[in-house]
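Undergrad: Starting from these lines, generate the structure:
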Amino acid sequence: MAQAKKNSTQELRQYRWEVFGRILVAVLGGYGFTLLFGILLTYVLPISKSSAVMTASLLSFAIYTSVIIWVFSVKTLRHAAIGLVGSLFVLGALTLLFRLLSGS
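TA: This next block holds a predicted model:
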């Protein structure tokens, strides 16, 4: 009886840390992803700069929400973290490339 209670307490603690980790990845990683994606959109969209900034700002709400939903729908926290960090590197590289190409 005591062993079963100890296991359930440990499983509950592990579950809580898993949820806390997903919250951190979703909030911080999602913010970074949304920020880089918005900056990239301002360089890529073939419209005036002010319209591109407005469009990217409005789309950022949907993007951020989508990233948070994705983090909580992935099977493991490790896959969510690796996927988000990998996409951050790709978005960062693309943003830097477009910034250098545009000359700003």
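
Undergrad: Geometrically speaking, which residue is the centre of this protein?
TA: Centrality entry for the chain: nearest residue to the mean C-alpha point is residue 30, 2.7 Å, by Cα atoms, centre = their mean.

Undergrad: Return the set of buried residues in the helix or strand encompassing that residue.
TA: Using DSSP states H and E, residue 30 sits within helix 30-44. By neighbour count on 16 or more other Cβ atoms under 10 Å, the buried set for helix 30-44 is 30, 32-43. Where you see a C-beta, it was placed from the backbone N, CA and C, and this is true even at glycine.

Undergrad: What's the separation between the residue nearest to the centre of the chain and residue 14?
TA: Distance from residue 30 to residue 14, counting by Cβ to Cβ, to the nearest Å: 23 Å.

Undergrad: same question, residue 24
TA: 16 Å.

Undergrad: Between these two, tell me which one has more neighbours.
TA: Neighbour count, other Cβ atoms under 10 Å: between residue 24 and residue 14, residue 24 has more, with 13 against 10.

Undergrad: Remind me which helix or strand the more buried one belongs to.
TA: Element membership of residue 24 [criterion: DSSP H and E] is helix 2-24.

Undergrad: who's in contact with that helix?
TA: 71-72, 77, 80-81 (Cβ atoms under 8 Å, 6 or more residues apart in numbering).

Undergrad: Any idea which helix or strand in this protein has the lowest mean pLDDT?
TA: helix 2-24 (a mean of 84; mean pLDDT, DSSP states H and E).

Undergrad: mind listing what's buried in it?
TA: residue 22.

Undergrad: Please identify which helix or strand holds residue 50.
TA: helix 49-73.

Undergrad: for that helix, packing partners?
TA: helix 30-44, helix 77-102 (3 or more Cβ pairs under 8 Å, 6 or more residues apart in numbering; DSSP states H and E).
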